[in-house]
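K.L.:
what would the 3D arrangement of this be:
(chains A, B, C and D)
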2 protein chains.
Amino acid sequence: MSKSVRRAALIIDSIAEGPKTVVELSLMFDLHRSTMFRELQSLEEVGYVHRRKSGQYTLGLHLISLSKLAFDNLDLREAAHDHIRRLHKVVGNTVHLAALMESSIVYVDKVEDPNGVRMYSRIGKAVLPYCSGVGKAILADLDEGGRNAVLAGSTWEKFTEHTITSRDALDRELEIIKKQRWAADDREFEDFVNCVAVPIHSSMGVVGALSVTAIRMVQNLPQLKTHLPLMQQTAELISRELG
Amino acid sequence: MSKSVRRAALIIDSIAEGPKTVVELSLMFDLHRSTMFRELQSLEEVGYVHRRKSGQYTLGLHLISLSKLAFDNLDLREAAHDHIRRLHKVVGNTVHLAALMESSIVYVDKVEDPNGVRMYSRIGKAVLPYCSGVGKAILADLDEGGRNAVLAGSTWEKFTEHTITSRDALDRELEIIKKQRWAADDREFEDFVNCVAVPIHSSMGVVGALSVTAIRMVQNLPQLKTHLPLMQQTAELISRELG
DNA sequence: CTGGCTGATGCAAATACTGCAACACTGCGA
DNA sequence: TCGCAGTGTTGCAGTATTTGCATCAGCCAG
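P.N.:
The predicted structure follows:
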């Protein structure tokens, strides 16, 4: 069982990197053309890949349907759902929940004030680890290998005057964050936004983070920091629910 | 090859409907416990499913990463990308691109005025077919079976004074839409929003739709309708690119 | 403590998959 | 126009993977 499924997964991953033809794939996997053809045919049948008229294979629609369900079933999201809504009721600000998945950090839930300013963030959106509160909160609790994986491919683009733009500077800040057990984003990504974030752990280590965000004109960092005790308590409750 | 992969896909679909245990799945698929156990072990290895401490299996994180890539590689999205941006430049309004995938309609791209009012819609969000312009534009070009599939599970919730709340009324409107080759949403979902939409076809039939949306106070339906010739031309160009 | 249920692994039988060969079709260059 | 090279597609027989059984370990409830 293992072999077919494992290889099918590898083929899908390979197609995910860009469209591929039967011949390309058969060379990559050292399989006969006919075999690869049949494999792709099967994958197409179940909607995991899609064949273009040109003969190139791309990812299939079914994966998109699945991901929506995967989101809903996410352990972290489920465990945190009630807690972050309760937190939002008390603090009033926008609350974000981010998860560490594979080697990227993704927003998986958010609660925002329907009447407030709507910020540009989207559930499912990947977060830049080095210039976001949740990103830094998660990085701080990762070991060297984990940090490297998450930061691989970082552009270190300078979005504002305050953006951290080197690994060294980031590592220094992460040590502080790790000690104090919370992270801030003080205008590091957008000039008018600041937030504070705390990590969430399971028995496997850090799995995500939650943050409370505000427009700096409305609430500045010292004001946001008053929410930290409640945030840490919330994170603790979620962590406990995850085991 | 075919059998393992096909079954693996069915198992994943089954898990997508809700967490399942090894025993449940082995009964559903009439497989030996040990076999199902190994199958799930393989799927877990490649990140397609995730095992909870409780022994239940849920969808894995890897599916979420894949879906993002699947979106980017979407034929319709690629083919339409430049065209809808050009359309946006001319008309100025928010332009939505929706795709018919399996039996749901999903926003796959949108271009909006960064300075304008930001509407609540999200790429990846499922669209309610019976009270949206793109939904009705797509439904109109589907046959009986297709319509049933897409509308299965509709709640027919009445969002505004103008929402269509029965299949009969919808079918009547769809006939008109089909003839005139465009659809409108005149305050059917939100009281202050209206839009016009046109379908996009490939050789396989209707595959999506694009719409131009406006706050009714800013542009009402007759004003939006002036964009229709350009929209239809855009849809035609996209259709041609799809083959 | 014991009985039942689930998780996990080795092994031989059985089945599904592989590679080959062959053919059809396409597009390209001679 | 023709032939050629590359690709898509299918049937078939050998082989290798997967399957089911038997078995054992661990856990919880009675």
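K.L.:
so is the stretch of helix or strand A:Gln41 belongs to next to chain B?
P.N.:
Per DSSP states H and E: A:Gln41 is located in helix A:33-45. Yes. In terms of C-beta under 8 Å from any C-beta of the partner chain, part of helix A:33-45 sits within range of chain B, namely A:35, A:38-39, A:41-43, A:45. The way it works is simple: take the backbone N, C-alpha and C, and place the C-beta from them, glycine included.
K.L.:
in chain A, which residue is most central in space?
P.N.:
For chain A, A:Val106 is the residue whose C-alpha lies nearest the centre (C-alpha atoms, centre = their mean; 1.8 Å).
K.L.:
assumed it was part of a strand.
P.N.:
Yes. Assessed with DSSP: H, G, I helix; E, B strand; the rest coil, A:Val106 lies in a strand.
K.L.:
and the pLDDT at it?
P.N.:
Per-residue pLDDT puts A:Val106 at 85.
K.L.:
who's in contact with the lengthiest helix in chain A?
P.N.:
When chain A is parsed with DSSP state H, its longest helix is helix A:75-91. Applying C-beta atoms under 8 Å, 6 or more residues apart in numbering or on different chains, the contact partners of helix A:75-91 are A:71, A:94-95, A:97, A:99, A:108-109, A:111-113, A:200, A:202, A:207-208, A:210, A:212, A:227, A:230-231, A:234, A:237-238, A:241-242, B:50, B:52, B:58.
K.L.:
next SSE downstream of that helix?
P.N.:
strand A:94-101.
K.L.:
is that following strand positioned near chain B?
P.N.:
Yes. Against chain B, strand A:94-101 shows contacts by C-beta under 8 Å from any C-beta at A:Met101.
K.L.:
got the CA positions of that strand in CSV?
P.N.:
C-alpha atoms of strand A:94-101 as CSV (Å, rounded to 0.1, in the frame of the first residue of the first chain):
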residue,chain,number,x,y,z
THR,A,94,-9.1,42.2,16.1
VAL,A,95,-7.8,38.8,17.2
HIS,A,96,-5.8,36.6,14.8
LEU,A,97,-5.1,33.0,15.1
ALA,A,98,-2.1,31.7,13.1
ALA,A,99,-0.8,28.1,12.8
LEU,A,100,2.6,26.8,12.0
MET,A,101,2.0,24.3,9.1
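K.L.:
show me what that strand is packed up against.
P.N.:
Packing partners of strand A:94-101 (3 or more C-beta pairs under 8 Å, 6 or more residues apart in numbering or on different chains; DSSP states H and E): helix A:75-91, strand A:104-111, helix A:133-140, strand A:205-215, helix B:61-73.
K.L.:
neighbouring strands of the least confident helix or strand in chain A by mean pLDDT in the sheet, and parallel or not?
P.N.:
When each helix and strand of chain A is scored by mean pLDDT, DSSP states H and E, strand A:126-127 comes last, with a mean of 78. As defined by DSSP bridges, the strand partners of strand A:126-127 come to strand A:104-111 (antiparallel).
K.L.:
if we can go back for a sec, can you select the buried ones from the contacts of helix A:75-91 in ChimeraX?
P.N.:
The ChimeraX command for the buried members of the contacts of helix A:75-91 (criterion: 16 or more other C-beta atoms under 10 Å in any protein chain shown) is given here:
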select /A:71,94,95,97,99,108,109,111,112,200,202,207,208,210,212,227,231,234,237,238,241,242 /B:50,58
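K.L.:
just to revisit the earlier point, which of the helices and strands packed on strand A:94-101 is buried the deepest?
P.N.:
Greatest average neighbour count among those goes to helix A:133-140 (a mean of 28), per mean count of other C-beta atoms under 10 Å in any protein chain shown.
K.L.:
list the buried ones in whichever helix or strand comes after that one?
P.N.:
Counting by DSSP H and E, the element after helix A:133-140 in chain order, helix or strand, is helix A:144-151. Judged by neighbour count (16+ other C-beta under 10 Å), helix A:144-151 contains these buried residues: A:146-147, A:150-151.
K.L.:
what mean pLDDT does the strand or helix carrying A:Ile11 have?
P.N.:
Take DSSP H and E as the rule and A:Ile11 turns out to sit in helix A:2-16. The average pLDDT for helix A:2-16 rounds to 88.
K.L.:
report the buried residues of that helix.
P.N.:
Buried-residue list, helix A:2-16, by 16+ other C-beta under 10 Å: A:4-5, A:7-9, A:11-13, A:15-16.
K.L.:
next: stretch A:16-26.
P.N.:
Within stretch A:16-26, the residues scored as buried using 16+ other C-beta under 10 Å are A:16, A:19-22, A:24-26.
K.L.:
how many neighbouring residues does A:Val196 have?
P.N.:
A:Val196: 25 surrounding residues under other C-beta atoms under 10 Å in any protein chain shown.
K.L.:
oh sorry, the question was meant for A:Ser203
P.N.:
9.
K.L.:
need the helices and strands packed on strand A:94-101 in JSON lines (columns: distance to DNA strand D).
P.N.:
Shown next, in JSON lines, are the helices and strands packed on strand A:94-101 (distance: least, C-beta to the nearest atom of the strand, whole Å):
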{"stretch": "helix A:75-91", "distance to DNA strand D": "19"}
{"stretch": "strand A:104-111", "distance to DNA strand D": "29"}
{"stretch": "helix A:133-140", "distance to DNA strand D": "31"}
{"stretch": "strand A:205-215", "distance to DNA strand D": "22"}
{"stretch": "helix B:61-73", "distance to DNA strand D": "17"}
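K.L.:
out of those, which gets the lowest mean score?
P.N.:
helix B:61-73 (a mean of 80).
K.L.:
and it, anywhere near chain A?
P.N.:
Yes. Helix B:61-73 reaches chain A (C-beta under 8 Å from any C-beta) through B:61-71, B:73.
K.L.:
same for that helix, what does it pack against?
P.N.:
helix A:2-16, strand A:57-59, helix A:61-73, strand A:94-101.
K.L.:
redo these as a markdown table? Include distance to A:Leu128.
P.N.:
What follows is the helices and strands packed on helix B:61-73, written out as a markdown table (distance: least, C-beta to C-beta, whole Å):
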| stretch | distance to A:Leu128 |
| --- | --- |
| helix A:2-16 | 21 |
| strand A:57-59 | 24 |
| helix A:61-73 | 20 |
| strand A:94-101 | 11 |
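K.L.:
flag every residue of chain A that's near DNA strand D.
P.N.:
When proximity is defined as C-beta under 7 Å from any atom of the strand, chain A approaches DNA strand D at A:1-5, A:21-23, A:33-34, A:37-38, A:41, A:55.
K.L.:
could you redo the last one with a cut-off of 6 Å?
P.N.:
Counting by C-beta under 6 Å from any atom of the strand, chain A comes close to DNA strand D at A:1-4, A:21-23, A:33-34, A:37, A:55.
K.L.:
what is the nearest of the residues you listed to DNA strand C?
P.N.:
A:Ser34 (3.8 Å; C-beta to the nearest atom of the strand).
K.L.:
how much space separates that closest one from A:Val23?
P.N.:
Computed as C-beta to C-beta, to the nearest Å, the A:Ser34 to A:Val23 distance reads 11 Å.
K.L.:
show me how chain A divides into domains.
P.N.:
Using automatic domain parsing, the domain parsing of chain A gives A:2-66, A:74-242.
K.L.:
which residues sit against stretch A:19-33?
P.N.:
With C-beta under 8 Å, 6+ apart as the criterion, stretch A:19-33 contacts A:7, A:10-11, A:14-15, A:35-37, A:39-40, A:52, A:55-58, B:73.
K.L.:
max pairwise distance over those residues: which two?
P.N.:
The span of the contacts of stretch A:19-33, defined through C-beta to C-beta, is set by A:Thr35 and B:Asn73 at 23.9 Å.
K.L.:
so what's A:Glu175 up against?
P.N.:
Contact partners of A:Glu175, counting by C-beta under 8 Å, 6+ apart, are A:Ala140.
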